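1. here's a sequence, model it:
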Amino acid sequence: MKKVYLYCDGSSLGNPGYGGYCSILKYKNNQKIISGAKDNATNNQMELLAAIKGLEAIKEPCEIELVSDSNYVVKANNEWLEGWIKKDFKNVKNVELWKRYVKAAQPHKINAIWVKGHNGHKENEECDKIARSEAEKLKGSIDGQI
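-> All right, here's what the predicted structure looks like:
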């Protein structure tokens with residue numbers, strides 16, 4: 001099974017507000033960056049969407065090391081998700097995104113690792129910069145239309 005590194009981060013200008021996300025996928029010497037933006041999004045939604053978009057871009061079952069500064073994403077993957085599924089996501093926020101995450105994660109073996117944000121982790125810093133830039137671009141395009 002191939003081992004892929006998935007670095008992901010989300011950003012929200014306001015909470016909710018203009019949101020941006022970024023995933024960096026690394027396999028051997030190959031790298032792919034996936035990013036985008038969404039209006040009226042929370043930081044947790046963008047953190048989760050970054051993980052989802054990265055997983056959805058992987059075309060075959062892999063061993064994935066998912067690296068994020070989001071306790072929400074890491075703890076959900078490592079601790080909470082199994083229980084949420086058993087209770088059909090009752091009283092869980094962002095249910096549709098979590099269901100999408102479960103579907104995208106299903107073929108893979110995922111080990112989620114938390115890293116401290118804004119602490120010099122190269123890929124996390126790059127994801128943060130791109131996610132924030134995506135949110136700012138969206139804000140500029142929408143605010144410019146008013």
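
2. what sits closest to Ile142 if chain neighbours are left out?
-> Asp39 (6.5 Å; Cβ to Cβ, 6 or more residues apart in numbering). Using the backbone N, CA and C atoms, a C-beta is placed for each residue, glycine as well.

3. shouldn't the one you found be in contact with Tyr18?
-> Yes. Using Cβ atoms under 8 Å as the test, Asp39 is close enough to Tyr18 to be in contact (6.1 Å).

4. pull out the buried positions in the helix or strand where the residue nearest to Ile142 lies.
-> For Asp39, the enclosing helix or strand under DSSP states H and E is strand 30-41. For strand 30-41, the buried set under the neighbour-count rule, 16 or more other Cβ atoms under 10 Å, comprises 34-38, 41.

5. tell me which other helices or strands that strand touches.
-> With contacts defined as 3 or more Cβ pairs under 8 Å, 6 or more residues apart in numbering; DSSP states H and E, strand 30-41 has these neighbours: strand 17-27, helix 43-56, helix 122-143.

6. closest to Glu82 out of these?
-> Nearest to Glu82, of all those, is helix 43-56, at 16.7 Å by Cβ to Cβ.

7. what's downstream of that closest one, the next helix or strand?
-> Next element after helix 43-56 (DSSP H and E): strand 63-68.

8. direction included, what does that next one pair against?
-> Note on strand 63-68: by DSSP bridges, its sheet partners are strand 3-14 (parallel), strand 109-114 (parallel).

9. export these to a markdown table and tack on distance to Tyr72 and mean pLDDT?
-> Shown next, in a markdown table, are the strands paired with strand 63-68 (distance: least, Cβ to Cβ, whole Å; pLDDT from 0 to 100):
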| stretch | distance to Tyr72 | mean pLDDT |
| --- | --- | --- |
| strand 3-14 | 10 | 97 |
| strand 109-114 | 10 | 98 |
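
10. find the nearest non-adjacent residue to Glu56, please.
-> Glu56 sits nearest to Ala104 (Cβ to Cβ, 6+ apart), 4.9 Å away.

11. could you report the neighbour count for the one you found?
-> Residues contacting Ala104 under the criterion other Cβ atoms under 10 Å number 18.

12. any buried residues in the helix or strand encompassing it, and which?
-> Assigned by DSSP H and E, Ala104 belongs to helix 95-105. By neighbour count on 16+ other Cβ under 10 Å, the buried set for helix 95-105 is 97-98, 100-101, 104-105.
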